[in-house]
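S.K.: My questions concern the predicted model and sequence given below.
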Amino acid sequence: MVFADLFFLYFFLPVCLICYFITRSTAIRNAVLVVFSLIFYAWGEPVWVSILIVSSLVDYINGRVIEKHPEGWQAKAALAWSLVFNLGVLFGFKYTAFFVENLNNWFGLGIPVPNIILPIGISFYTFQTISYTVDCYWGKVKPQKNFGRFLLYVSMFPQLVAGPIVRYSVIGEEINERKTTAKDISDGFSRITLGLGKKVIIANNLSTIVTALFGSASNGYENIKTLSVAGTWLGAILVGLWYYFDFSGYSDIAIGLGRIFGFHFDENFKYPFICKTISEFWQRWHISLSSFFRDYVLYLPIFGKRRKYGGLFLVWFCTGLWHGASWNFVFWGLYYGMFIFFEMLIGKKRMKKMPVPLAHIYTKLVIFIGFGIFYFENLGSLGTFFKALVGAN
């Protein structure tokens, strides 16, 4: 089920709102949201609800263990188990086939490639539960004592499928106690309307044009090799606009739905195309993801020490790989890491001295080429895309 479905808009959501607002009890409202969230998630493939519930239970228990033994080895073991379990589940579902394919290609093996269906939203709720356990270990949040409330945090349908990645510290208190005002409802529906407009009116039409220009993401070779330079650049720009209106539209709907239910999610997009540096772009684009990697990965000790540039490229390697099990996503992540590395070497003060028109030209060239890298999952098509950008086809 997706937010733009007529079934969701005209049946699921109205019924959910009626059941939610007929009571003033926060406990009953939480139960209503849990039930409807599990129905929402099970709509596509019911079996994966079990993975969601098990993941929630594992990190609920980990949080309780950390609370009981904050200074003991048990807390460290709970944190380690959370990371091993969550990342193991994510890797198993999302990257096993990719890993096997590359082993076969590199070493000439004949290992059968498993056909594993990816559970919807697993990348989002896995990171949410990891952030919860790590924050509990660091003492940033108090562990949730009620499993039903924790399950609500993990499974809440407004942000479950397409984000944003909501940290427990943002809505933990609102899960326990919250109120919805008339302004919340008004602002929520306004935000939902804006998001639907972005998604249905703009993004869906842009996707049709992009497919006509570039072909499919997995095999667009025949299309891209016949495009002119202007057509290729136009396609790259439209890909970027399509992704922006599609993803920010979903985020708007999620934030609006959350607001109606009394939750205040953080913004996920803040006018990213007005940026003057690539670093600023990532402070405005998919903020929940970039801040996650910044806070939980950037300062990891590499070979025993915190390494400034090593951490930077580790973050961007993970950022790329998180988006999908394909080499173009890895290249896309490292591509951005390279430009942020150069900006770090130049320094913030010197970057600010760049003339504004030049800064906008620089950032938009980098960004829209980046969207082209993101689009073409087939490396042959990606190479043809680069040639087409300069008329070398």
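M.R.: Good, I have the coordinates.

S.K.: alpha carbons only for contacts and neighbour counts from here, please
M.R.: Will do.

S.K.: pLDDT weak spots in this structure?
M.R.: Low-confidence segments of the chain (pLDDT under 70): 217-222, 301-305.

S.K.: In it, spot the helix with the most residues.
M.R.: For the chain, the helix that runs over the most residues, judged by DSSP state H, is helix 229-260.

S.K.: Tell me the buried residues in that helix?
M.R.: For helix 229-260, burial by neighbour count (16 or more other C-alpha atoms under 10 Å) applies to 229, 231-233, 235-260.

S.K.: how about the next helix or strand after it as CSV, C-alpha atoms only?
M.R.: Sequence order places helix 278-284 as the next helix or strand after helix 229-260, per DSSP states H and E. The C-alpha trace of helix 278-284 is given here as CSV (Å, rounded to 0.1, in the frame of the first residue of the first chain):
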residue,chain,number,x,y,z
ILE,A,278,28.0,20.0,-2.0
SER,A,279,28.4,19.8,1.7
GLU,A,280,25.4,22.2,2.1
PHE,A,281,23.4,20.1,-0.4
TRP,A,282,23.7,17.1,1.9
GLN,A,283,22.7,19.3,4.9
ARG,A,284,19.4,19.9,3.0
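
S.K.: List the buried residues for helix 278-284?
M.R.: Ile278, Ser279, Phe281, Trp282, Gln283, Arg284.

S.K.: would CSV of those residues with distance to Val84 be doable?
M.R.: What follows is the buried residues of helix 278-284, written out as CSV (distance: C-alpha to C-alpha, whole Å):
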residue, distance to Val84
Ile278, 33
Ser279, 31
Phe281, 32
Trp282, 28
Gln283, 29
Arg284, 31
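
S.K.: what's the closest of the residues you listed to Leu118?
M.R.: Here the nearest of those to Leu118, counting by C-alpha to C-alpha, is Trp282; it sits at 26.8 Å.

S.K.: who's in contact with the nearest residue to that closest one once chain neighbours are set aside?
M.R.: Leaving out its chain neighbours, the residue that sits closest to Trp282 by C-alpha to C-alpha, 6 or more residues apart in numbering is Ser290, at 6.7 Å. Contacts here follow C-alpha atoms under 8 Å, 6 or more residues apart in numbering; on that basis Ser290 touches Trp282, Gln283, Thr319.

S.K.: got it, and Asn115?
M.R.: Counted by C-alpha under 8 Å, 6+ apart, Asn115 has contacts Ala97.

S.K.: Show me the helices in the stretch 101-250 of the chain, by range?
M.R.: Along the stretch 101-250 of the chain, the segments classed as helices by DSSP state H, counting those that start in this stretch run 122-138, 147-155, 157-160, 168-176, 182-196, 204-214, 221-224, 229-260.

S.K.: Now do the fifth one: which elements does it pack against?
M.R.: Spelled out, it's helix 182-196. Secondary-structure packing of helix 182-196 (3 or more C-alpha pairs under 8 Å, 6 or more residues apart in numbering; DSSP states H and E): helix 229-260.

S.K.: what helices or strands is the helix it packs on leaning on?
M.R.: Using 3+ C-alpha pairs under 8 Å, 6+ apart: helix 229-260 touches helix 157-160, helix 182-196, helix 204-214, helix 356-375, helix 379-389.

S.K.: CA atoms only: put the fourth one into CSV for me.
M.R.: This points to helix 356-375. Below are the C-alpha coordinates for helix 356-375, written out as CSV (Å, rounded to 0.1, in the frame of the first residue of the first chain):
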residue,chain,number,x,y,z
VAL,A,356,27.4,33.0,-6.1
PRO,A,357,26.7,32.3,-9.8
LEU,A,358,29.8,30.2,-10.1
ALA,A,359,28.9,28.3,-6.9
HIS,A,360,25.4,27.5,-8.3
ILE,A,361,26.9,26.3,-11.6
TYR,A,362,29.4,24.1,-9.8
THR,A,363,26.9,22.5,-7.5
LYS,A,364,24.2,21.9,-10.0
LEU,A,365,26.7,20.3,-12.5
VAL,A,366,27.9,17.9,-9.7
ILE,A,367,24.4,17.2,-8.5
PHE,A,368,22.7,16.4,-11.8
ILE,A,369,25.6,14.3,-13.0
GLY,A,370,25.3,12.5,-9.7
PHE,A,371,21.7,11.8,-10.4
GLY,A,372,22.6,10.2,-13.7
ILE,A,373,25.1,7.9,-11.9
PHE,A,374,22.3,7.0,-9.4
TYR,A,375,19.8,6.2,-12.2
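
S.K.: Could I get the buried residue list for that helix?
M.R.: So, applying 16+ other C-alpha under 10 Å, buried residues of helix 356-375: 359-360, 363-364, 366-375.

S.K.: Apart from its neighbours in sequence, what residue is nearest Leu379?
M.R.: That would be Asn328: by C-alpha to C-alpha, 6+ apart, it lies 6.8 Å from Leu379.

S.K.: Shouldn't that neighbour be within a strand?
M.R.: No. Counting by DSSP: H, G, I helix; E, B strand; the rest coil, Asn328 falls outside a strand, being helix.

S.K.: correct me, but it touches Glu377?
M.R.: Yes. Using C-alpha atoms under 8 Å, Asn328 is in contact with Glu377, at 5.5 Å.

S.K.: Ala162: which of the contacts of Ser290 is nearest?
M.R.: Among those, Thr319 lies closest to Ala162 (C-alpha to C-alpha), at 15.8 Å.

S.K.: Among the buried residues of helix 278-284, which one sits closest to Ile117?
M.R.: Trp282 (30.2 Å).

S.K.: So the closest one versus Arg167, what's the distance?
M.R.: Between Trp282 and Arg167 the distance is 18 Å, computed by C-alpha to C-alpha, to the nearest Å.
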